[in-house]
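can't give you the sequence, but here's the structure:
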């Protein structure tokens, strides 16, 4: 940030009184510009047919990670809840009709100033189609997931948590809420 969004004066970086972190501060009008993490929200769309579980993945048509596979997810918008964001992103990226369930994973990615949230979801039908941000949309069993071509560590971790929980559910257990911190930058 170089200029104040309130008065257009140049900002300086300093620690404001009663604070402990450097902030962008406008010396002209006194506005403190706080910069906070972005929230990425998505779903884990599940299709079950004759006991076979498949997950809907999207092949990215945009950077970062063009051509890699991901769960439908994206940045939360103002004036929406996290569950609304998960629904919207699933429709935008995969054209999929889902019933949204509980929050499943919370992944903190501090080195890129993001928090990723994924909800479990059930596909209501197989009438999905790639949106403008997706090259392709496909259902995958656990064995067929293109693990080496998953776009983001948050997606890999969420999928691994899901399949581990699924094995427990099949034995009478339940899904859990998972929290994980990712400090290591992605591979290039």
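Sure thing, it's come through. The model shown is predicted, which means the values in this text are computed figures rather than measured ones.

contact partners for residue 175?
The contact partners of residue 175, by CB atoms under 8 Å, 6 or more residues apart in numbering, come to 102, 104, 120, 165, 169. For glycine as for every other residue, the C-beta is placed from the backbone atoms N, C-alpha and C.

can you classify the fourth one by secondary structure?
So the one you mean is residue 165. Secondary structure, DSSP: H, G, I helix; E, B strand; the rest coil: residue 165 is helix.

which element is the nearest residue to it once chain neighbours are set aside on?
Spatial nearest neighbour of residue 165, excluding adjacent residues (CB to CB, 6 or more residues apart in numbering): residue 175 at 4.8 Å. Residue 175 belongs to no helix or strand when elements are defined using DSSP states H and E.

quick one, phi psi at residue 175?
When quoted as degrees, to the nearest 10, the phi and psi of residue 175 stand at phi -70, psi 150.

what segments of this structure are helices?
In the chain, the helices defined using DSSP state H lie at 82-94, 153-170.

tabulate those helices (JSON lines), appending mean neighbour count, distance to residue 6 and mean pLDDT.
Shown next, in JSON lines, are these (neighbours: other CB atoms under 10 Å; distance: least, CB to CB, whole Å; pLDDT from 0 to 100):
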{"stretch": "helix 82-94", "mean neighbour count": "21", "distance to residue 6": "28", "mean pLDDT": "98"}
{"stretch": "helix 153-170", "mean neighbour count": "17", "distance to residue 6": "34", "mean pLDDT": "98"}
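
right, so of these, which gets closest to residue 129?
For residue 129, the closest of the helices of the chain is helix 82-94, at 7.6 Å, according to CB to CB.

now the closest one, how far from the chain's geometric center?
In terms of CA atoms, centre = their mean, to the nearest Å, the gap separating the centre of helix 82-94 from the centre of its chain is 10 Å.

who are the packing partners of it?
In terms of contact count using 3 or more CB pairs under 8 Å, 6 or more residues apart in numbering; DSSP states H and E, helix 82-94 is assigned the packing partners strand 38-49, strand 52-60, strand 73-75, strand 98-109, strand 114-123, strand 134-140.

okay, buried residues for the fifth one please.
With burial defined by 16 or more other CB atoms under 10 Å, the residues of strand 114-123 counted as buried are 114, 115, 116, 117, 118, 119, 120, 121, 123.

residues touching it, excluding its own?
Residues contacting strand 114-123 (CB under 8 Å, 6+ apart): 37-48, 56, 71, 73, 82-83, 86, 90, 96-109, 152, 154, 158, 162, 175.

please name the strands paired to it in the sheet, noting orientation.
For strand 114-123, the paired strands and their directions (DSSP bridges) read strand 38-49 (parallel), strand 98-109 (antiparallel).

re the thing from before, and the contacts of strand 114-123, which are buried?
Neighbour counting over the contacts of strand 114-123 (16+ other CB under 10 Å) leaves 40-47, 56, 71, 73, 83, 86, 90, 96-98, 100, 103-107, 109, 152, 154, 158, 162 as the buried ones.
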